[in-house]
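>>> Show me the folded form of this:
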Amino acid sequence: MISKISPSLKAAVADIADGATVLIGGFGTAGMPFQLIDALIDQGARDLTVVSNNAGNGDTGLAALLKAGRVRKIICSFPRQTDSHVFDGLYRAGKIKLEVVPQGNLAERMRAAGAGIGAFFCPTGYGTQLAGDRETRAIDGRNYVLEYPIHGDVALIQALKADRWGNLIYRKTARNFGPVMAMAAKTTIAEVAELVELGALDPEVIVTPGIFVQRVVQVARTSAKAA
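This next block holds a predicted model:
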């Protein structure tokens, strides 16, 4: 019997290695897998590269992982907001590396990883510092920058419901980066508010098929901070 249900948060993250690239879902706090992140902090993996939309909010979730000194580099679109004081302090002190990626590029680079695309040309960032020294090309009169996929060793995401095969549906804006991160990672771990029987999820509304999910762990609904 195929079952991807993990017995605990601790078991779900137990084999995340030092130096891993970890994709962490969430748009701000919407859809952030808070309990999986807390379990990762307790697990102790360090020297991580984290890929996320933001660089942490307040002192919880991703910010708590940064504060624990476990992250070597962060790849994100919006590293600064009014409550990003943990990241700000680390960056100004030279204790963390940063790669800024435009939001659409970030999503597409992860989608490309999941789709097996070796690289793609995108106009966003051309002529700016974000383009760096990457290859550029004019196509049909418009200038483009060569972008490479972002692969993850692990994706930590939040979903609303799952079955034991790992099929997922999300709650409103909590969906955000979860689907593309699940595609881009070798191992996808989803924290969910509800586990349902096989067949209870309408195939027409499943967003992330279980083929992209390796582990599911149920958490208390009150702690799944979806928006």
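>>> which ones are touching the residue located most distally from the centre of the chain?
What lies farthest from the middle of the chain is G141; by CA atoms, centre = their mean that is 34.5 Å. By CB atoms under 8 Å, 6 or more residues apart in numbering, the contact set of G141 is empty. Backbone N, C-alpha and C define where each C-beta goes, glycine included.
>>> confidence score at it?
The score at G141 is 96. That number is its pLDDT.
>>> Next one: it from L90, what distance?
Separation of G141 from L90 (CB to CB, to the nearest Å) stands at 43 Å.
>>> now the strands for the chain?
Taking DSSP state E, the strands of the chain run over residues 21-24, 48-51, 71-76, 97-100, 120-122, 136-139, 142-147, 152-162, 168-169, 185-195, 215-218.
>>> what about the shortest one, distance to the chain center?
Averaged C-alpha coordinates place strand 168-169 at 16 Å from its chain's average position (CA atoms, centre = their mean, to the nearest Å).
>>> could you say what helices and strands that strand packs with?
Packing partners of strand 168-169 (3 or more CB pairs under 8 Å, 6 or more residues apart in numbering; DSSP states H and E): strand 152-162.
>>> Pairing partners for the strand it packs on, with directions?
strand 21-24 (parallel), strand 168-169 (antiparallel), strand 185-195 (parallel) (DSSP bridges).
>>> and of those strands, who's closest to S6?
Set against S6 and scored by CB to CB, these come closest in strand 185-195, at 7.5 Å.
>>> What are the buried residues along the closest one?
A185, T187, T188, I189, A190, E191, V192, A193 (16 or more other CB atoms under 10 Å).
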